[in-house]
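Visitor: got a predicted structure plus its sequence, pasted below:
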Amino acid sequence: MNRGGGLTDRIRRAIKDPVLPGNVLRATNTSLKKRDETVAERPDWEDLRERAAKVKDHVLANLDRYLAEFVENARLRGAHVHFAKDAAAARRIITELARRKGATRILKAKSMATEEVELNQAFTARGFTPLETDLGEFIVQLRDEPPSHITAPALHCSAEQIRDLFAREGVTDGRAPTDRRELATWLSLSARAHLRDRLLEADLGITGANFLVAETGTVALIENEGNIRLTVTSTPVTVSLVGIDKLLPKLTDLATMLPLLTRSATGQRMTSYFQLISGALDEHHIVLLDNGRIDALRDPENREILRCIRCGACMNVCPVYRTVGGHAYGWTYPGPIGSLLSPLWRGRGEDHQLPFLSSLCGACTDICPVKIPIHEHLLRMRREAVSAGRRGIPERLAFRIFRYVMQRPGLYRRAARITKRLLPAAARAGLLRRWTDTRAAPQPAPRSFKEMWREDGPRFSKDP
Ligand code: SF4
């Protein structure tokens, strides 16, 4: 499964994949269970969410001030700060740096910003193959596909698929434990042994960042594998590509953000490693990425979407993501938040259909640690897509007919009687297959509400 083809093709491929939906469901269930357990330990969870939303709103409303403060403090501590207006500028700055430094062996820590600007493709076009050091990213790199989740890039793969992949690619000699629990550990250790020497030989390291702290010019990174720490310490030059929406005003704001992020993302009280980089590296370049963020900020309706701290929880809980996985969405950011960010930041024709990939159940809004009312924005973006004439002619026609019928009670009653008779026959004849392939055929109620009211009267009127 990869991102090729149109949206409908990708969704169809995902649903028909024999293993993908099961893998995604298993992995997201595990994440949610751990998340729920660790969130339950924090009676102040709602206060934390409230505080985090306020901090993000404040920094987004004063972004120019905090950006200037960050740049000044990062430079004071010896970092080189660059600005990238768009993806092309980010690619140019980083590949040019690699060329100037004569870098040949490039390491990459997991970073959605680098995925967003397609940095690997830019390196490959110049003859470099950056080595992904995060286990999930390493797996998807071997599979020649993009990540399918923002915190767990290979969440769509089973341990058995990874076992076979590693054997095929020479990461292991093919002899693997048969016990499933042992297998997962063995796979991690095999990747570690395979990557370790290469990690120590590289000459340029690339990271993203979880947060930027304005008052200290700090780049904050959390991880579980130690690969980021190795990437930044074993290479003479480090480049951090970071979206400008990752800014926080103060170091103490991390005390609010980190418990929310780690619990929501992986169900951990804290990740195994936590890096605060403030000028301690030999040579540190920080590339601040706009790529649509400033335009999104200018619109007050969109501003709160940029509160996102990329925990991935809205994906884990979304019934659509849980069925089709991340590649079906077609860009770096899948799931409910991706359905908002892709139209905003990338804005290609197909991206405007993504807000329709939602049941609007509101589970994403309930789980979001920074209280983004995700489903309300999805609904708004649907309205905007309809107003802009971005929906297909059949759908627009269907809704026009629906509106016409709903405004005429006599016609509505006749249409309801006919539909009731025709629906089961249409389902039997396979005319509703596009719906019934993945869902139960809708069954009309034996009696309509009006019939019940007429025949039985207001039976429940005395109930409280
Ligand atoms: S929108 Fe909220 S839940 Fe989704 S990734 Fe961002 S912070 Fe996490």
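Guide: That came through fine.
Visitor: what about the residue of the stretch 51-200 of the chain found nearest the ligand, which SS state?
Guide: Closest to the ligand within the stretch 51-200 of the chain is residue 150: 6.6 Å, counting by C-beta to the nearest ligand atom. Quick note: C-beta positions are derived from backbone N, CA and C, even for glycine. Counting by DSSP: H, G, I helix; E, B strand; the rest coil, the backbone at residue 150 sits in coil.
Visitor: count the residues that sit near it.
Guide: Residues near residue 150, counting by other C-beta atoms under 10 Å, number 24.
Visitor: again with the one 10 residues further on
Guide: Counted by other C-beta under 10 Å, the residues lying close to residue 160 total 13.
Visitor: going forward, the N-terminal residue is numbered 45.
Guide: With 45 as the first residue, the last one maps to residue 204.
Visitor: once you drop chain neighbours, what's closest to it?
Guide: The shortest distance from residue 204 to any non-neighbouring residue, by C-beta to C-beta, 6 or more residues apart in numbering, is to residue 227 (7.7 Å).
Visitor: tell me which other helices or strands whichever strand or helix holds that neighbour touches.
Guide: Element membership for residue 227, per DSSP states H and E: helix 224-245. Secondary-structure packing of helix 224-245 (3 or more C-beta pairs under 8 Å, 6 or more residues apart in numbering; DSSP states H and E): strand 175-176, helix 179-186, helix 203-212, helix 271-278.
Visitor: and with 6 Å instead?
Guide: When contacts are defined as 3 or more C-beta pairs under 6 Å, 6 or more residues apart in numbering; DSSP states H and E, helix 224-245 packs onto helix 203-212, helix 271-278.
Visitor: ok, residues contacting it?
Guide: Residues from elsewhere that reach helix 224-245 (C-beta atoms under 6 Å, 6 or more residues apart in numbering): 149, 175, 179, 182, 203, 206, 215-216, 221, 274, 278.
Visitor: ok, back up a step: ok, of the helices and strands packed on helix 224-245, where does mean pLDDT dip lowest?
Guide: Mean pLDDT per stretch puts helix 271-278 lowest among the helices and strands packed on helix 224-245, at a mean of 92.
Visitor: which is the next helix or strand following that one?
Guide: Using DSSP H and E, the first helix or strand after helix 271-278 is strand 281-287.
Visitor: anything in that next one near the ligand?
Guide: No - using C-beta under 6 Å from any ligand atom, strand 281-287 stays clear of the ligand, coming no nearer than 12.2 Å.
Visitor: what's the mean pLDDT across that strand?
Guide: 97.
Visitor: ok, whatever helix or strand comes next after it near the ligand or not?
Guide: Downstream of strand 281-287, the next assigned helix or strand under DSSP H and E is strand 291-292. No - contact of strand 291-292 with the ligand (C-beta under 6 Å from any ligand atom) is absent, the minimum separation being 13.9 Å.
Visitor: filter the contacts of helix 224-245 down to the buried ones, ChimeraX style.
Guide: In ChimeraX, a selection of the buried entries from those looks like this (16 or more other C-beta atoms under 10 Å):
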select :149,175,179,182,203,206,215,216,274,278
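Visitor: name the nearest of the contacts of helix 224-245 relative to residue 468.
Guide: Distance to residue 468, by C-beta to C-beta, is smallest for residue 203 among these, at 43.7 Å.
Visitor: least confident secondary structure element in the chain?
Guide: In the chain, no helix or strand scores lower on mean pLDDT, DSSP states H and E than helix 477-480, which sits at a mean of 78.
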